[in-house]
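> Give the three-dimensional model of this entry:
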Amino acid sequence: MSFHLLALRPQPGLDGTLDKARAIGLAITGLALSEIRAVAWDCPDPAGIDGLLIGSANAILHGGENLARLTAKPVYAVGEATAAAARAAEFTVAMTGSGGLQGVLDAIAPPCHLLRIAGEEHVPLTPPEGVTFAEVIAYRSVPLPLDPVTPLLAEGNALVLLHSAATARHFAEECDRLAVPRARITLAALGPRIATAAGAGWAAVHIAPQPDEAAVLQLAFDLCGQPRFIPPVSAGQS
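Residues are numbered from 1 along each chain as shown. Have a look, this model is predicted:
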């Protein structure tokens, strides 16, 4: 099926999604439907912290001056993009997950006390026995209008990538505000919680098999009916 593919992440994640999608042969439009803003937070005594639990690169990008007090602490990151942001900020990454932050937390050996640096909207976590964590809020997502892509959505056959529950809820509200029919839009969500946040009435809702960027882009690739992308072999390679 021919879809108009649309990504709605805030920057700088939006540019990364667009680049990755285009690299595998997808035509895609992007709109930052929200922007990330830092929130002032108090840093606990670093002496009592064994590591940092980080569920988004935004925690590093918008964490502010308190991060300088914590660079000696190992980072337990939800995925590779978050780990890369931590390394760029001169942190050492002790673990990189691939299936959500709860899976990372479950794999940490006790005893361990962590500091979770999170956004205002975040997934609740249950630590395993012998592992504890304190939590600070370092950033929030501020919604922006959907108006610039209303004509694209009104054409029908839009496939919208949703990377967060906050974006999913706001996108649904904006469609209703602008009288854009939900029934003409297909969603591709990073996870079940995000799909639920979007509500009902869409043409179809698809959920990536794993909560990571590569999986949701492959889902979009398959839904768009593209032939499977095979990277070209450089001269001299076999």
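> contacts and neighbour counts: CA atoms only from here.
Fine.
> Distance check, the spatially most central residue of the chain against Ile49.
Geometric centre of the chain, nearest residue: His163, 4.8 Å, by C-alpha atoms, centre = their mean. Using C-alpha to C-alpha, to the nearest Å, we find His163 at a distance of 30 Å from Ile49.
> With Trp202 instead?
45 Å.
> where along this structure do the helices fall?
13-23, 57-61, 80-88, 101-106, 150-154, 165-177, 192-198, 213-223 (DSSP state H).
> Show me the protein divided up by domain.
4-33+146-223, 36-142 (automatic domain parsing).
> which residues touch Gly48?
Listed by C-alpha atoms under 8 Å, 6 or more residues apart in numbering, the contact set of Gly48 reads His113.
> so what pLDDT did it get?
pLDDT for Gly48: 97.
> again with Asp212
As predicted, Asp212 sits at a pLDDT of 85.
> Leaving out sequence neighbours, find the closest residue to it.
Take Asp212 and drop its neighbours on the chain: the residue closest to it by C-alpha to C-alpha, 6 or more residues apart in numbering is Leu190, 6.6 Å away.
> quick one: contacts for that neighbour?
When contacts are counted by C-alpha under 8 Å, 6+ apart, Leu190 touches Leu161, Leu162, His163, Ser164, Ile207, Ala208, Gln210, Pro211, Asp212, Glu213, Ala215, Val216.
> mind checking the backbone torsions on the third one?
Here is the backbone geometry of His163 (degrees, to the nearest 10): phi -100, psi -10.
> So it sits against Ile194, correct?
Yes. His163 is within contact range of Ile194, at 7.2 Å (criterion: C-alpha atoms under 8 Å).
> Can you show me the strands along this structure?
With DSSP state E, the ranges of strands along the chain come out as 4-7, 28-30, 34-38, 51-54, 75-77, 93-96, 112-119, 131-143, 158-162, 185-189, 204-207.
> can you list contacts of the second one?
Applying C-alpha under 8 Å, 6+ apart, the contact partners of strand 28-30 are His4, Leu5, Leu6, Ala7, Leu8, Arg9, Leu14, Asp15, Leu18, Ala21, Arg22.
> which among those end up buried?
Buried by 16 or more other C-alpha atoms under 10 Å: His4, Leu5, Leu6, Ala7, Leu8, Arg9, Leu14, Asp15, Leu18, Ala21, out of those.
> didn't the fifth one look like it was pressed against Thr167?
Read that as Leu8. Yes. Leu8 lies in contact with Thr167 (C-alpha under 8 Å); the separation is 7.5 Å.
> Find residues that contact each of the two.
Both Leu8 and Thr167 are in contact with Leu33, Ser34, where contact means C-alpha under 8 Å, 6+ apart.
> List the contacts of Ser164.
Counted by C-alpha under 8 Å, 6+ apart, Ser164 has contacts Leu190, Ile194.
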